[in-house]
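>>> any chance you could fold what I've pasted below:
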Amino acid sequence: MIELQGSDGWFARRVGKITGSRIKDMLSEGKGITRAKYAFQLVAERMSGKASRLGFKSAQMERGNEMEPFGIMAYESVTGIMCELAPFSIHSTLPFFGASPDRLIDDDGVLECKCPDTHTHYGYLLKGVVPTEYIPQMQAEIACTGRKWADFISYDDEAAPEDRLFIIRYTPTEEELKKLEAEVTRFNFEVEELIQQIIKRRAA
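Here you go, the predicted structure:
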């Protein structure tokens, strides 16, 4: 049985894991949820065994979550491909690293669906490239599922009918995936070092 995203079982699978949706936090420095803050969240999860459900969701983010199924249906209608629900997949050699794509496509692909506001959607449409900010997340999903490529889609039901769906495929190189895996490994070492400091403090 596949645990639906946001369910208790889904959260349980993610406890203490570096996840695809948080890769941007792992790579961030100096603002918002920084690398250091994310590291301490993982420390808390690993020490307590409980998943963190912290996180602010704006009205736009909530709307994006609500619209995602419609974006996926639009993708299926245009491509003729029926997508599969995706479980939270743990990396084959890095047990502390996992990701859950929005859907699985055939045998080799994953789907990443975004439903942004209209001006952002048209920006994606006009640039015609994979948005840079989502590349690390898709790399993580590909690395953890063992698949080869990702279709990025942007869907906005408020755009003109002929502009509502933008699709572009992203295929990372082996070098890009190795670089990400090395960075995840380094970050996990930092998290484990923090845990050891806490354990040593107990004994002091």
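
>>> do a quick rundown of the helices in this structure.
Using DSSP state H, the helices of the chain run over residues 8-14, 23-27, 35-48, 59-79, 118-127, 135-145, 174-203.

>>> distance between the last one and the chain's centre?
Remark: helix 174-203 is offset 19 Å from the chain centroid, using C-alpha atoms, centre = their mean, to the nearest Å.

>>> low-confidence ranges in the chain?
Applying pLDDT under 70 to the chain picks out residues 1-4, 6-7, 30-33, 53-61, 64, 204.

>>> what's near enough to touch residue 137?
By C-beta atoms under 8 Å, 6 or more residues apart in numbering, residue 137 lies in contact with 20, 21, 23, 24, 99, 112. All C-beta spots, glycine's among them, are computed from the backbone N, C-alpha and C.

>>> quick check: it vs residue 143, distance?
In this view, residue 137 and residue 143 are 11 Å apart by C-beta to C-beta, to the nearest Å.

>>> now list whatever residues contact both of those two.
Here residue 137 and residue 143 share the contacting residues residue 99, scored by C-beta under 8 Å, 6+ apart.

>>> what about residue 83, neighbour count?
For residue 83, the neighbour count with other C-beta atoms under 10 Å is 21.

>>> look up phi and psi at it.
Phi and psi for residue 83, reported as degrees, to the nearest 10, are phi -90, psi 160.

>>> quick check: it touching residue 72?
Yes: using C-beta atoms under 8 Å, residue 83 makes contact with residue 72 at a distance of 6.1 Å.

>>> shared neighbours of those two, which are they?
Common neighbours of residue 83 and residue 72 (C-beta under 8 Å, 6+ apart) are 103, 111.

>>> about what we covered before: with distance to residue 163 as added columns, please give the helices of the chain in TSV.
Listed next are the helices of the chain as TSV, based on distance: least, C-beta to C-beta, whole Å:
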stretch	distance to residue 163
helix 8-14	33
helix 23-27	27
helix 35-48	35
helix 59-79	12
helix 118-127	6
helix 135-145	23
helix 174-203	30
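
>>> residue 159: which of the ones you listed is closest?
Set against residue 159 and scored by C-beta to C-beta, those come closest in helix 118-127, at 5.7 Å.

>>> what's the offset of the closest one from the middle of its chain?
The chain centroid and the centroid of helix 118-127 are separated by 21 Å, computed with C-alpha atoms, centre = their mean.
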